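*Asks:* any chance you could fold what I've pasted below:
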Amino acid sequence: MGEPPYFVLIDRALRDEGTSLHHLPPSTWALAPASLMERLAGRLDGLGQPVVIGAVWTTDAPYRETAAAIARAEHLGVLAVEMEAAALLRVCTGRDRDVVCVAHVTNTMAVHGEDFEKGEADGAHDALEVLSAIVGALRPEHDTRSG
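*Replies:* Residues are numbered from 1 along each chain as shown. The predicted structure is shown next:
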């Protein structure tokens, strides 16, 4: 993807141990609703920070982020590591609800003192810009599927 910061509109989350395994049977990926991803494709271009659609790896245990596990995740096309998306996607799938998950990628493995610096107001302005674009794109009047 390139150097952070950027946002990932999460279309799938690589499931690790944790909450996502308690809501639906095991699988490699927790998937975002395809209908929402289709509606958002190409609608988040030109914002203050880049937004890409792609995969993340959900894990809440840094000790599982071994060199072999990182290589596997990279081979699977994972763009970022985060801690919640798989659980959110699986709970919503299990309850037949839609959800959009976004990761604000601000560092590369948190190895420098300023790695978690998200920018002005802890990245709130950038996050609100992305959220506003998502909400705008998902408004019913923007749904090209309805007649």
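*Asks:* where do the helices of the protein begin and end?
*Replies:* 34-40, 67-75, 85-94, 124-138 (DSSP state H).
*Asks:* most tightly packed of the ones you listed?
*Replies:* Ranked by mean neighbour count under mean count of other CB atoms under 10 Å, the helices of the chain are led by helix 85-94, which reaches a mean of 21. Placement of C-beta: from N, CA and C, glycine included.
*Asks:* so who does the nearest residue to E84 once chain neighbours are set aside touch?
*Replies:* In space, and not counting its chain neighbours, E84 is closest to T58: 6.7 Å by CB to CB, 6 or more residues apart in numbering. Contact analysis of T58 by CB atoms under 8 Å, 6 or more residues apart in numbering lists 13-16, 18, 20, 30, 81-87.
*Asks:* returning to that earlier point: to P50, which of the helices of the chain lies closest?
*Replies:* With CB to CB as the measure, helix 124-138 is the member of the helices of the chain nearest P50 (10.2 Å).
*Asks:* this completes my enquiry, with thanks.
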